[in-house]
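Chemist: Give the three-dimensional model of this entry:
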Amino acid sequence: MAACIAVLLMGGCSSNPEPPDAAVPTETAEAAGPAAGKGATGLTALDTLVCEEPVNKLHYSRNQLQEIREAAQKAGLANVYIPEIGGGPDDYFEEAKVDGNRLTLHFIRMAITESMEELEPGGGNRMVTKVQLSPQLEGKWISEEESTVEYLYGEIDNTHFEIFSARMFDRKDFEDAAKSMILLQQK
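Modeler: Coordinates of the predicted model:
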């Protein structure tokens, strides 16, 4: 029994005649010959771009956009902004919620609250780091002393926003999301 387990662990019973480190044939490898493993450009299939848009590009359905518009109207927002880039590669829009004059767009990796009123917390022990998101947009990272959650605050045309998450995240992902915010047209 122990010998069978050892043979299985060592790969002795493999039905694959190729050694485990053999090159995997690709479309370009066949053209260049099996020994080279590279195409005429010197790139393997793994080096070739599959799509040109960012991996974390967000897509919204018509129903989701309408949900956001209706929620913005309930919150009294003249303008609502939505990100074109999410807070990570698998991010997507889940729902819009209204709490008084605040609209919160929930994604699986982040949430964005928007309001005509200031959202930045006042007082308390907090650390503020300013960041230039674009030539027209300045943001502030704010972390409170007793919290592990950081908030990215900003303002676009009198609409205040905060981006946050209870999960760990990369600041750059949230900064990219903030830079990508566009005005949602009222239709």
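
Chemist: which stretches of this structure aren't confidently modelled?
Modeler: For the chain, the stretches flagged by pLDDT under 70 are 1-55, 122-123, 186-187.

Chemist: Break down the chain into its helices, ranges please.
Modeler: Using DSSP state H, the helices of the chain run over residues 2-10, 27-32, 62-74, 171-179.

Chemist: which residues touch residue 135?
Modeler: Not one residue lies near residue 135 by CB atoms under 8 Å, 6 or more residues apart in numbering. To be clear about C-beta, it is placed using only N, CA and C from the backbone, and glycine gets the same treatment.

Chemist: What of residue 114?
Modeler: 72, 75, 77, 80, 81, 102, 103, 104, 105, 159, 160, 161.

Chemist: what's near enough to touch residue 152?
Modeler: 131, 139, 140, 141, 142, 162, 163, 164, 171, 174, 175, 178.

Chemist: please redo it, this time with the cut-off set to 6 Å
Modeler: 139, 141, 163, 174, 178 (CB atoms under 6 Å, 6 or more residues apart in numbering).

Chemist: Dump these to a markdown table, plus distance to residue 88.
Modeler: A markdown table is the format used below for those (distance: CB to CB, whole Å):
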| residue | distance to residue 88 |
| --- | --- |
| 139 | 18 |
| 141 | 17 |
| 163 | 12 |
| 174 | 9 |
| 178 | 14 |
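
Chemist: So how do I select the buried members of the residues you listed in ChimeraX?
Modeler: The following ChimeraX line selects those of the contacts of residue 152 that are buried, judged by 16 or more other CB atoms under 10 Å:
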select :139,141,163,174,178
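
Chemist: which of the contacts of residue 152 lies closest to residue 91?
Modeler: Within the contacts of residue 152, proximity to residue 91 (CB to CB) peaks at residue 174, which comes in at 10.6 Å.

Chemist: how close does that closest one sit to residue 67?
Modeler: Distance of residue 174 to residue 67, given as CB to CB, to the nearest Å: 23 Å.

Chemist: Next, count neighbours for the closest residue to residue 164 other than its chain neighbours.
Modeler: Closest residue to residue 164 apart from its sequence neighbours, by CB to CB, 6 or more residues apart in numbering: residue 151 at 4.7 Å. Using other CB atoms under 10 Å, residue 151 has 21 neighbouring residues.

Chemist: Isn't residue 151 up against residue 163?
Modeler: No: in this structure, residue 151 is not within contact of residue 163 by CB atoms under 6 Å, at 7.1 Å.

Chemist: Beta-bridge partners for residue 57, please?
Modeler: Residue 57 has the following beta-bridge partners by DSSP bridges: residue 85.

Chemist: start the count at 59, not 1, going forward
Modeler: I'll keep to 59 as the first residue from here, and by that count the last item is residue 115.

Chemist: Please report the distance of it from residue 203.
Modeler: Using CB to CB, we find residue 115 at a distance of 36 Å from residue 203.
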